[in-house]
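>>> Provided below for reference: sequence and predicted model.
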Amino acid sequence: MKAYVFPGQGAQFPGMGKDLYEKSVLAKDLFENANSILGFRITDIMFTGSDEDLKQTRVTQPAIFLHSTILAAVLANSFRPDMVAGHSLGEFSALVANKTLTLNDGLILVSKRAIAMQKACEKTPSTMAAILDLDDKIVEEVCASVKEVVVPANYNSPGQIVISGSNEGIDKAIEILKEKGAKRAIKLAVGGAFHSPLMEPARLELEEAIRNTTFSKPICPVYQNVDAKPSIDPEVIKSNLVSQLTSPVRWTQSILNMISGGATSFVEVGPGNVLSGLIKKINKDAITESASF
């Protein structure tokens, strides 16, 4: 069984999607339609913008989403997923890929998500940090012991977990985690504490938009970030997507469950190959590839 996976924020790079636009009429049409929906030419920023231009949240999230979903559309007949999953933002791409969402509805939700998250970041100074080579349980215990807001945010692979919280909380947690034996504890260059309680204002804002969007029965299961379990129920998918902003991304658990569910290979659809690397760390025998057209 073939599993398709979709990357999240951080996978962007200057020039992303330009080949697709220039070589595929379908891709060009879809990109131009996206420019109209967003109200600005995101393609100009994707194709010729700098790293800094692409780091704007209102640009980053829809840019990665468009790269993934348009590439999947161009693959057409060769794109036949038996199951899908996406890392954080990538979950929206996965839901377009398995026909739960239309590309247009997915883009509108992603744009609203990006703006809501940006506002939440501006409201409370916060950040994230990657913790390497330390048992998840120790990281969880340390997060729980810090008085400030600090929580596990991304379970990326065994020995690689990202924590999220207030600036003070992250500083304190890093100090303790290094004492506990973390090989590295590095602050990330992000705008705020994604997948933490500090994203509650964004969750509330996005919830209304998600509830008012049509979710269809998918053509294959999606393994969602919140519980790492497969679902084909549109209402369950909606509920989990609402919870995603303030809950951890259970990527390690999702990949293990996909393998248990019959996945024999993983195809990464979108910019970069970060997820393929994580999957190999989760299961060294996993077969991975990057989609190309």
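Yes, it's here.
>>> any idea how far residue 90 is from residue 132?
Distance, residue 132 to residue 90, using Cβ to Cβ, to the nearest Å: 22 Å. (C-beta placed from N, C-alpha, C; glycine too.)
>>> tell me which of those two has more neighbours.
Legend: neighbour count by other Cβ atoms under 10 Å for residue 132 and residue 90, higher for residue 90 (28 against 14).
>>> for that one, give its distance to residue 271.
Taking Cβ to Cβ, one finds residue 90 at 11 Å from residue 271.
>>> so what sits against both of these two?
7, 64, 68 (Cβ atoms under 8 Å, 6 or more residues apart in numbering).
>>> now the nearest residue to residue 18 once chain neighbours are set aside: phi and psi?
Among residues not flanking residue 18 along the chain, residue 47 sits closest, at 4.3 Å (Cβ to Cβ, 6 or more residues apart in numbering). Per-residue torsions, residue 47: phi -80, psi -40 (degrees, to the nearest 10).
>>> likewise residue 230?
Torsion angles, degrees, to the nearest 10, at residue 230: phi -80, psi 140.
>>> separation between it and residue 258?
8 Å.
>>> now residue 137
Taken as Cβ to Cβ, the span from residue 137 to residue 258 is 23 Å.
>>> higher neighbour count, those two?
Using other Cβ under 10 Å, the more surrounded residue of residue 137 and residue 258 is residue 258, with 26 against 8.
>>> which residues does that one contact?
Counting by Cβ under 8 Å, 6+ apart, residue 258 touches 3, 83, 85, 223, 230, 266.
>>> where does it sit: helix, strand or coil?
Using DSSP: H, G, I helix; E, B strand; the rest coil, the secondary structure recorded for residue 258 is helix.
>>> find the nearest non-adjacent residue to it, please.
Counting by Cβ to Cβ, 6+ apart, the residue nearest residue 258 is residue 3, at 5.1 Å.
>>> and the helix or strand containing the one you found, what does it pack onto?
Per DSSP states H and E, residue 3 falls inside strand 2-6. Applying 3 or more Cβ pairs under 8 Å, 6 or more residues apart in numbering; DSSP states H and E, we find strand 2-6 packed against strand 83-86, helix 90-97, strand 265-268, helix 274-282.
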